[in-house]
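> sharing a sequence plus its predicted fold:
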Amino acid sequence: MNIHERMRLLEQFANLLEKQQLERLHNDSFTYTGHEKNAKVSIKEGKKYTKADVDNSGKYMIDREGNIFGIKAYGVIHRGHQFGTLDTINQYNWGGYQAYKKD
């Protein structure tokens, strides 16, 4: 995957993650003003991995091949918690505490 395709897929992932996190907050009746910031996703490129943070917390890390992992600690991937790839993001629900595969 070239750099432009990777950036496009990362942007799609960030948008989907933010949208589904916000939907979960609305469904859980979080209606106070400003709760949208709690679902704000930021993407940060690192040397080995790209970090996907929700609000100010680390949530997922993506390796150079596009595999998406949960984290053990900020900056440390959890290889036991893999959530597909950037190509399969629509097969998962990203709204909960941890992503899960749709039926």
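Yep, it's here. All values derive from a computational prediction rather than experimental measurement.

> which residues touch Ser42?
Ala14, Ala52, Asp53 (CB atoms under 8 Å, 6 or more residues apart in numbering). Where C-beta positions appear, they are placed from N, C-alpha and C, glycine not excepted.

> the closest residue to Asn90 other than its chain neighbours: neighbour count?
Spatial nearest neighbour of Asn90, excluding adjacent residues (CB to CB, 6 or more residues apart in numbering): Leu16 at 7.4 Å. Leu16 has 17 neighbouring residues, counting by other CB atoms under 10 Å.

> now the phi/psi pair for Leu16, please.
phi -70, psi -40 (degrees, to the nearest 10).

> just the pLDDT for it.
Leu16 is assigned 97 on the pLDDT scale.

> again with Ala39
Here the pLDDT value assigned to Ala39 is 86.

> touching, it and Gln21? I think so.
Yes: Ala39 lies in contact with Gln21 (CB atoms under 8 Å); the separation is 3.9 Å.

> between the two, what contacts are shared?
Val54.

> picking up where we left off before, measure the residue nearest to Asn90 to Met61 for me?
16 Å (CB to CB, to the nearest Å).

> repeat that for Gln82.
Taking CB to CB, one finds Gln82 at 10 Å from Met61.

> flag the shaky bits of this structure, pLDDT-wise.
Residues of the chain that meet the criterion pLDDT under 70 lie in 29-35.

> name the surrounding residues that touch the lengthiest strand in the chain.
For the chain, the strand with the greatest residue count under DSSP state E is strand 76-85. Strand 76-85 has contacts (CB under 8 Å, 6+ apart) with 49, 60-61, 63, 65-72, 91-92, 98-99, 101.
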